[in-house]
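Undergrad: Predicted structure and sequence below. I'll ask about it afterward.
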Amino acid sequence: MSYDMNKIREDFPILGREVYGKPLVYLDNGATTQKPRSVVEAMTHEYYNVNANVHRGVHFLSQQATELHEQARETVRRFLNARSTAEIVFTRGTTESINLVATTFGDAILKEGDEVIVSEMEHHSNIVSWQLVQARKGIRLRVIPITDEGELRLDEYEKLFNERTRLVSITHVSNVLGTVNPVKEMIRTAHDHGVPVLVDGAQSTPHFAVDVQDLDCDFFAFSGHKIYGPTGIGVLYGKEEWLDRLPPYMGGGEMIQNVSFERTTFNELPYKFEAGTPDYVATTGLARALDYVTALGMDNIYAHEQALTDYAMEQMATIEGMRFIGTPKHKDAVISFLVGDIHHLDLGTLLDRLGIAVRTGHHCAEPLMRRMGIEGTVRASFGLYNTFEEVDALVAGIRRVARMF
Ligand code: PMP
């Protein structure tokens, strides 16, 4: 498939709509992405023609639904380049994936006084999940500081390791700063200390190719809805040796082998972590979304979005009073900013009236806001279907709002 923008935009019907009588300019892809027809149609098709509960049925529909569900797992495996489908656990999203690891790793491995390393730029889901473990087990959170530009202080990172360090849990890409963290190097450092690493891939998977074997991460989490797939479905990749060591997360159907009141045994991987009826229609939708980005080419998506980001930063920098929050060397398609002393909420609300959808606030990263000495930002985040004309509309919109103040 070539990168034909007209064709791409036709694949996403919502992009053709208007808001307040203006063409929609959707720049909130960091929060969630729009869905191509192929995803919605595959899910509708499955509900109309295949629907039956998976795994336990002898009948035709159940077998067909199971086949689609397990094919989706194979599509995810290929997308991440995992060794085996046993390493692909379906969850509700990044948040649940991180909580699964925090809870089970916390129960099985962490003891009072043990340390988990996170960073100052984490999303709340990668902070609060560990604070819950902290409350139960008395662990200590160690925090990698960042520079004013929004890059991790790797010198400080290395100094955080000691004999009590048990896990590093870091984001691949910051949802506020756009920083692409050097996770491969950071994983090597952690492994040199015998410490496993969880990577939060919520903001990396939609923008560039990820290879979990090349990164050598021990766990990797991402959300379907941020990569053009349905809501309510996500993935936890875990190295088989780690998933084997961890206890189940939730109890119920699917995750057991045999149950008795005396003794219950658990299912093999990955089912041990998939209690209850999975969202087998959403897994099909996720697989079609991954097919979509794969056909377009992750490298082509990356190149397009980088060009858009560079152009946007260049154009926005010419606006009087423009302040970027996050100017790292390696920046992804996320731009957080403030203009003069205009409140971020006012700026976002007035842009909305021009048809431009951006996000405002703390972006679920309050510690990061505190570090940057601000309450919130306006955030424009790009997806594969955004155009240079939309960047022009954003820049013109910001100028117009700034003139009003
Ligand atoms: N981590 C990061 C970096 C994110 O950007 C988000 C979503 N904003 C999450 C985790 C949580 O993802 P979800 O809400 O899909 O579970």
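TA: Arrived safely.

Undergrad: residue ranges with poor pLDDT in the chain?
TA: Within the chain, the segments meeting pLDDT under 70 span 1-2.

Undergrad: Show me where it has its helices.
TA: Assigned by DSSP state H, the helices in the chain fall at 5-11, 37-49, 60-80, 94-108, 125-137, 154-159, 183-192, 212-215, 240-245, 280-296, 298-316, 344-353, 366-372, 388-404.

Undergrad: Look up how far the ligand lies from Arg77.
TA: In this view, Arg77 and the ligand are 20 Å apart by CB to the nearest ligand atom, to the nearest Å. Every residue, glycine included, has its C-beta placed from N, CA and C.

Undergrad: you'd agree that residue is up against Ala86?
TA: No - judged on CB atoms under 8 Å, Arg77 makes no contact with Ala86 at a distance of 9.2 Å.

Undergrad: For the helices of the chain, could you give me TSV that also reports mean neighbour count and distance to Tyr26?
TA: Output for these, formatted as TSV (neighbours: other CB atoms under 10 Å; distance: least, CB to CB, whole Å):
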stretch	mean neighbour count	distance to Tyr26
helix 5-11	14	11
helix 37-49	15	16
helix 60-80	18	24
helix 94-108	23	21
helix 125-137	18	23
helix 154-159	14	35
helix 183-192	17	28
helix 212-215	16	30
helix 240-245	15	37
helix 280-296	23	17
helix 298-316	17	13
helix 344-353	18	11
helix 366-372	18	24
helix 388-404	17	8
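
Undergrad: Ala82: neighbouring residues, count only.
TA: 23 (other CB atoms under 10 Å).

Undergrad: Distance check, it against Pro270.
TA: Distance of Ala82 to Pro270, given as CB to CB, to the nearest Å: 10 Å.

Undergrad: overlap in contacts of those two?
TA: Ile88 (CB atoms under 8 Å, 6 or more residues apart in numbering).

Undergrad: Of all the helices of the chain, which one comes closest to Ala380?
TA: helix 388-404 (5.9 Å; CB to CB).

Undergrad: Show me what from this structure comes close to the ligand.
TA: Proximity of the chain to the ligand (CB under 6 Å from any ligand atom) is limited to residues Gly93, Thr94, Thr95, His123, Ser125, Thr171, Asn175, Asp200, Ala202, Gln203, Ser223, Cys364.

Undergrad: Reformat those residues as CSV; add distance to Arg142.
TA: As requested, those are exported to CSV (distance: CB to CB, whole Å):
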residue, distance to Arg142
Gly93, 26
Thr94, 22
Thr95, 22
His123, 18
Ser125, 18
Thr171, 16
Asn175, 21
Asp200, 17
Ala202, 22
Gln203, 23
Ser223, 26
Cys364, 21
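
Undergrad: Return the member of the residues you listed nearest to Phe337.
TA: For the residues of the chain next to the ligand, the nearest to Phe337 is Asn175 (14.5 Å; CB to CB).

Undergrad: Quick check: the gap between the residue nearest to Ala275 when sequence neighbours are not counted and the ligand.
TA: Of all residues not flanking Ala275 in the chain, Gly252 sits nearest, at 3.6 Å (CB to CB, 6 or more residues apart in numbering). In this view, Gly252 and the ligand are 21 Å apart by CB to the nearest ligand atom.

Undergrad: my read: Gly252 touches Thr277, true?
TA: No - Gly252 is beyond contact range of Thr277, at 9.1 Å (criterion: CB under 8 Å).

Undergrad: thought Phe405 was touching Gly340?
TA: Yes - assessed by CB under 8 Å, Phe405 is found in contact with Gly340 at 6.8 Å.

Undergrad: what about stretch 344-353, distance to the chain center?
TA: Stretch 344-353 sits 25 Å away from the centroid of its parent chain (CA atoms, centre = their mean, to the nearest Å).

Undergrad: which residues touch it?
TA: Stretch 344-353 is contacted by residues 19-20, 338-339, 357-361, 375-378, 394, 397-398, 401, 404-405 when judged by CB under 8 Å, 6+ apart.

Undergrad: Next, count neighbours for the closest residue to Asp299 other than its chain neighbours.
TA: Residue nearest to Asp299 in three dimensions, not counting chain neighbours: Ala209, with 6.7 Å by CB to CB, 6+ apart. When neighbours are counted by other CB under 10 Å, Ala209 registers 17.

Undergrad: which residues does the closest residue to Thr309 other than its chain neighbours contact?
TA: Distances taken as CB to CB, 6+ apart place Ala333 nearest to Thr309, at 5.0 Å, with adjacent residues excluded. Taking CB under 8 Å, 6+ apart, we find Ala333 in contact with Asn29, Gly178, His207, Glu305, Gln306, Leu308, Thr309, Ser381, Phe382, Gly383.

Undergrad: Next up, the contacts around the second one.
TA: With contact taken as CB under 8 Å, 6+ apart, Gly178 is in contact with Gly150, Thr309, Gly326, Pro328, Lys331, Asp332, Ala333, Val334, Ile335, Ser336.

Undergrad: I figured the second one was touching Thr327, is that so?
TA: No - counting by CB under 8 Å, no contact exists between Thr309 and Thr327, whose distance comes to 11.7 Å.

Undergrad: Domains in this protein, by residue range?
TA: Following automatic domain parsing, one gets these domains for the chain: 5-29+297-404, 40-294.

Undergrad: From Gln34, how far off is the residue nearest the centre of the chain?
TA: The centroid of the chain falls nearest to Ala202 when counting by CA atoms, centre = their mean (0.9 Å). Per CB to CB, Ala202 is found 17 Å from Gln34.

Undergrad: Got phi/psi on the residue of the stretch 301-405 of the chain found nearest the ligand?
TA: Of all residues in the stretch 301-405 of the chain, Cys364 sits closest to the ligand, at 5.8 Å by CB to the nearest ligand atom. For Cys364, the backbone dihedrals (degrees, to the nearest 10) come out as phi 50, psi 40.
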